[in-house]
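Student: Would you be able to build a 3D model of this:
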Amino acid sequence: MAKNPIFKATLFFIFIYFTVFCGSASVSTSIPSITSHNAHHSHHHKVNRKFEIASDMFWKDGQPFRIIGGDLHYFRVHPEYWEDRLLKAKALGLNTIQTYVPWNLHEPIPGNLVFEGFADIESFLKLCHKLDLVVMLRAGPYICAEWDLGGFPAWLFSMNQSPRLRSSDPTYLQAVERWWSNLLPKLVPLLYHNGGPIIMVQIENEFGSYGDDQAYLHSLVSCARHHLGNEVILYTTDGGARENLEKGTIRGDAVFSAVDFTTGDDPWPIFKLQKEFNAPGKSPPLSAEFYTGWLTHWGEKNAKTDADSVAAALEEILKKNGSAVLYMAHGGTNFGFYSGANTGADEDDYHADLTSYDYDAPITEAGDVDNVKFNAIRKVIAQYGSAPPPPVPSNTEKTRYGPIHLQRKASVFDMFDFTSSKNVFESEKPMSMEHLGQLFGFLLYVTEYKAKSSGSTLFIPKLHDRGQVFVSCPNGESGAGPTYIGTIERWSNDKLNLPEAKCHSNINLFILVENMGHINYGHFMFDRKGILSSVYLDGEPLNWWKMFPINLHNLNAVPTYNPIMQATYSAFNKKLSFRKNLIHQFENKTSKEPAFYSGRFTIDKPSQIKDTYISFKNWGKGIAFVNEFNIGRYWPLRGPQCNLYVPAPILKQGDNFLVIFELESADPELVVHTIDEPDFTCGSSGMNVHQL
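Tutor: Alright, predicted model coming up:
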């Protein structure tokens, strides 16, 4: 892949910078060894525990230790289910849990640090320790993970001096240090030698597939050592090719270099290559991402991998005393707006990830373990693990609550008083979402243009990611809404023909833009959202825009007052409307107006509270909330995911409320159905599986 230009700071500058911000010694000559016994944080209570590397093996408290692990991400699982999923991981035979740390979940806005709820990483790690599972922690700052912007907070794009991500850029490094100075000290008591579960901490993630900036990697190592001390093992993970390892690893014994590769590769030649990038005796063979499945984008077939092939590939590693971490052991769910996206040859070859992150993992999205892949992998691990795996827990109970009938509560255009100056941004040219602080979801752009009897052509050179276009005539039929014209999608970016207008004044133009997820991998991660260029009407730019953020709850966000969301929970015969004479319609309108719908279902007894799924077959595209919890995006028209997983902990005895923001076409019956199993059969039957 072509590389983006990356700012190259000198090692001397990095030395000066991190002397100020991390208090480190020279990064090029004195990074501590991964087996160093000098404790930086001597004030912590010392215990007789040690995890180290020697003789090309892992050693735990003086005994050989083979890592048989799996990725299980705390932020993709409801906290009340953490223990259930970890116990199922143990029943699979795992002794190690690997998890990422997403910066954007923990610092959603600058300086607002969150370590509660889904972000309560300390409780998750303590639970791993309680269950006798050690942890490999992938601290970032970049994680990929099919997570929005690879874990970076999108507010980095709104800084006065926008940082060059994943580089030696001092603006970026300063932001990383601020973040790590809050995160890493929380981990110190949880390091293995301090009595906790963390045996290793990963630096960056697959950097060799992205850049070639050794100064950057050295900077991260120095900063990590400053906060974590010298005893913990730091590690990198890179694809098992020489070029990746040359660019992504740090030679010598300061940082352990792990590898990953596809399940179809012969692992042992790659492990032999791995030895070249570790010090003598410091290269236990470790596949840090052993793929049990694969990710899926909207518009593709649901990715599936053969259970027997996966189990056989795992056995090739374990039978020669290699170590492996299953990616994923349990995938979970991209709740809220946090699912990421990938690209192909250019930034407009854009593929957004599903809400489900099932990944065809042995423990399914809803925590089920009664499946062929779980059994096949468990059987292999049982042959090579140090102890028989514990009994397998039962599947998580699921149920149906019957149909949920909904009422249309309000159009998105009811949400705003377009004649007011409140809650609006104004500028000559359209502005990006990030510039306005709208890091997720939707932004409504509004302007006006002169009517032409012959019609007009609308063109937006750069729109991320999807814009629905509407027009209205202010002096048209009283009380009616804007007319839907068409949708501009980033991956096709077609021009739109605006209709001939019988209007005696300027026509109002509305463009509702959806951020479908910041790109999380590759060289097009500098992925701002919204309208990123001028908007042209018949070749002339349209100026003077109003921009209205649409504030919807994200994962782990504290609900704030929103008139539409509040209206959906009010009595069903009420409707909120700010509509003035500004918004009317053209003749022969075909309604495709984005709108909010609400309904409720009742659970009579606590014993009836169980997991369920909500099927959106016959609906178009949108976002759904259950009891103000954002369960994610749905898009059955594109598929393959037909329904959204609803974990039992977000439900309650009594009335439960469902709110849908439907963008395109509501089911004519205004009903959704609760079901008790996943469904990935929606969309075109001719879809392909995408491979990175």
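Student: show me the contacts for the residue nearest the centre of the chain.
Tutor: Central residue check for the chain by C-alpha atoms, centre = their mean: the C-alpha nearest the mean position is that of Trp147, 2.0 Å away. By C-beta atoms under 8 Å, 6 or more residues apart in numbering, Trp147 lies in contact with Tyr100, Pro102, Asn104, Asn334, Tyr338, Ser339, Gly340, Asn520. For the C-beta atoms, the positions are set from N, CA and C on the backbone; glycine is no exception.
Student: ok, so what distance separates the residue of the chain positioned farthest from its centre from Phe510?
Tutor: Seen from the C-alpha centroid of the chain, the residue lying at the greatest distance (C-alpha atoms, centre = their mean) is His504, 47.3 Å away. Relative to Phe510, His504 is positioned 19 Å away (criterion: C-beta to C-beta, to the nearest Å).
Student: Phe418 now?
Tutor: With the distance defined as C-beta to C-beta, Phe418 ends up 9 Å from Phe510.
Student: which residues touch the nearest residue to Phe416 once chain neighbours are set aside?
Tutor: Residue nearest to Phe416 in three dimensions, not counting chain neighbours: Phe548, with 5.2 Å by C-beta to C-beta, 6 or more residues apart in numbering. Taking C-beta under 8 Å, 6+ apart, we find Phe548 in contact with Met415, Phe416, Asn423, Val424, Phe425, Leu443, Leu444, Val446.
Student: of all the residues you listed, which two lie farthest apart?
Tutor: In the contacts of Phe548, the most distant members under the criterion C-beta to C-beta are Met415 and Phe425, with 15.1 Å between them.
Student: longest helix of the protein?
Tutor: The helix of greatest length in the chain, counted in residues with DSSP state H as the criterion, is given as helix 170-187.
Student: List the buried residues in that helix.
Tutor: For helix 170-187, a neighbour-count test (16 or more other C-beta atoms under 10 Å) marks Pro170, Tyr172, Leu173, Ala175, Val176, Glu177, Trp179, Trp180, Leu183, Leu184, Leu187 as buried.
Student: What separation do you get for the last one and Thr99?
Tutor: If I follow you right, that is Leu187. As judged by C-beta to C-beta, Leu187 and Thr99 stand 12 Å apart.
Student: Report the set of residues contacting both of the two.
Tutor: Contact with both Leu187 and Thr99 is made by residues Leu137, according to C-beta under 8 Å, 6+ apart.
Student: Let me see the ranges of the strands in the stretch 151-300 of the chain.
Tutor: Using DSSP state E, counting those that start in this stretch, the strands assigned to the stretch 151-300 of the chain run over residues 198-202, 233-239, 256-261, 286-291.
Student: got the contact list for the shortest one?
Tutor: Contact partners of strand 198-202, identified using C-beta under 8 Å, 6+ apart, comprise 51, 60, 96, 125, 134-139, 187, 190-192, 224, 228, 232-237, 256, 288.
Student: Next, find the distance separating Lys275 from Lys409.
Tutor: For Lys275, the distance to Lys409 under the criterion C-beta to C-beta works out to 63 Å.
Student: Same check on Pro499?
Tutor: For Pro499, the distance to Lys409 equals 29 Å [C-beta to C-beta].
Student: more crowded one of those two?
Tutor: Neighbours per residue, other C-beta atoms under 10 Å: of Pro499 and Lys409, the larger number sits with Lys409, 23 against 14.
Student: partner residues bridging the residue nearest to the centre of the chain?
Tutor: Legend: beta-bridge partners of Trp147 under DSSP bridges are Ser339.
Student: Please report how far it lies from Asn205.
Tutor: The separation that Trp147 has from Asn205, given C-beta to C-beta, amounts to 11 Å.
Student: Overlap in contacts, those two.
Tutor: Residues touching both Trp147 and Asn205 by C-beta under 8 Å, 6+ apart: Tyr100.
Student: What ranges in the stretch 501-650 of the chain fall below the confidence cut-off?
Tutor: Residues of the stretch 501-650 of the chain that meet the criterion pLDDT under 70 lie in 558-591.
Student: Which residue ranges of it form helices?
Tutor: When secondary structure is read from DSSP state H, counting those that start in this stretch, the stretch 501-650 of the chain shows helices at 563-568.
Student: next one: the stretch 301-450 of the chain
Tutor: Taking DSSP H, counting those that start in this stretch to define them, one finds helices in the stretch 301-450 of the chain at 307-318, 372-384.
Student: Mean neighbour count and distance to Arg490 added to these, as TSV?
Tutor: Conversion of the helices of the stretch 301-450 of the chain to TSV gives the following (neighbours: other C-beta atoms under 10 Å; distance: least, C-beta to C-beta, whole Å):
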stretch	mean neighbour count	distance to Arg490
helix 307-318	18	34
helix 372-384	18	35
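Student: now these as a markdown table including mean pLDDT and distance to Glu434?
Tutor: Output for the helices of the stretch 301-450 of the chain, formatted as a markdown table (pLDDT from 0 to 100; distance: least, C-beta to C-beta, whole Å):
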| stretch | mean pLDDT | distance to Glu434 |
| --- | --- | --- |
| helix 307-318 | 98 | 39 |
| helix 372-384 | 98 | 40 |
